[in-house]
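Chemist: compute the structure for the input listed below.
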Amino acid sequence: MPKSPHSHLDPRQPLVVDTTKLPRQPGATRALKRVIPAPVDLGLELISVPEGSDVELDLTLTSVSEGVYVSGSVRATLTGECGRCLNEINESFDVKIAELFAYEDSTTEETTDEDEVGRMQGDLLDLEPAVRDAVVLTLPTNPLCRPDCPGLCPECGVHFDDLPADHSHEEIDARWAALRNLAEPSKAAPPQDQDSEE
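Modeler: The predicted structure follows:
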């Protein structure tokens, strides 16, 4: 059964790899080291790799009977904001990648869904989906600037790190607020009386 047609890969794209120099005999390997600009939207809403920033690939391409196995690491810098205190986050990360790219017309290509195994187009393979999955799946949906970040005071919005240990806000039941307002003029009255006596 014919597979659905793919868009043709452009070998000039930074995450498209030409495997022409990798012999198609099981066990043959080739190192791939390159620094590429980060593609758009490489991350989540609160934390991501900035578009165009350096992404370092340190990979090994290995010929296997059904295709090319790509393994190694991806390194880059994340930027975002803390989910508790909104402070800026800047940190480097290193994530592992391991993906099989099946040869066209191989048994693996014919018997697996497209989202299970990568696909070769002739001698070309596209690393972007594998890199994107490896990076995005390791990112926290609620990133923290540090594990014990105390966050912001919900009343005044000041970072708890900048507040004294005994910081608190008086909580007044809304039903009693009017009585508190009635009591305030009487507190101010004695100084006025003293002034009049002078």
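
Chemist: list the contacts of residue 46.
Modeler: Residues near residue 46 by CB atoms under 8 Å, 6 or more residues apart in numbering: 80, 81, 83, 141, 142, 143. The C-beta positions use only the backbone N, C-alpha and C, and glycine is treated the same way.

Chemist: from residue 146, how far out is it?
Modeler: Residue 46 sits at a distance of 15 Å from residue 146 (criterion: CB to CB, to the nearest Å).

Chemist: which parts of the chain are helices?
Modeler: Across the chain, reading from the start of the chain, the helices by DSSP state H fall at 107-111, 128-136, 177-197.

Chemist: and residue 124, what does it touch?
Modeler: Contacts here follow CB under 8 Å, 6+ apart; on that basis residue 124 touches 9, 11, 16, 17, 18, 19.

Chemist: what's the distance between the third one and residue 39?
Modeler: By that I understand residue 16. In this structure, residue 16 and residue 39 are separated by 12 Å, where distance is defined by CB to CB.

Chemist: cool, residue 97 as well?
Modeler: From residue 97 across to residue 39, the span is 15 Å (CB to CB).

Chemist: endpoint to endpoint, stretch 128-142 covers what distance?
Modeler: The first residue of stretch 128-142 is 24 Å away from its last residue (CA to CA, to the nearest Å).

Chemist: ok, now stretch 29-47?
Modeler: Using CA to CA, one end of stretch 29-47 lies 34 Å from the other.
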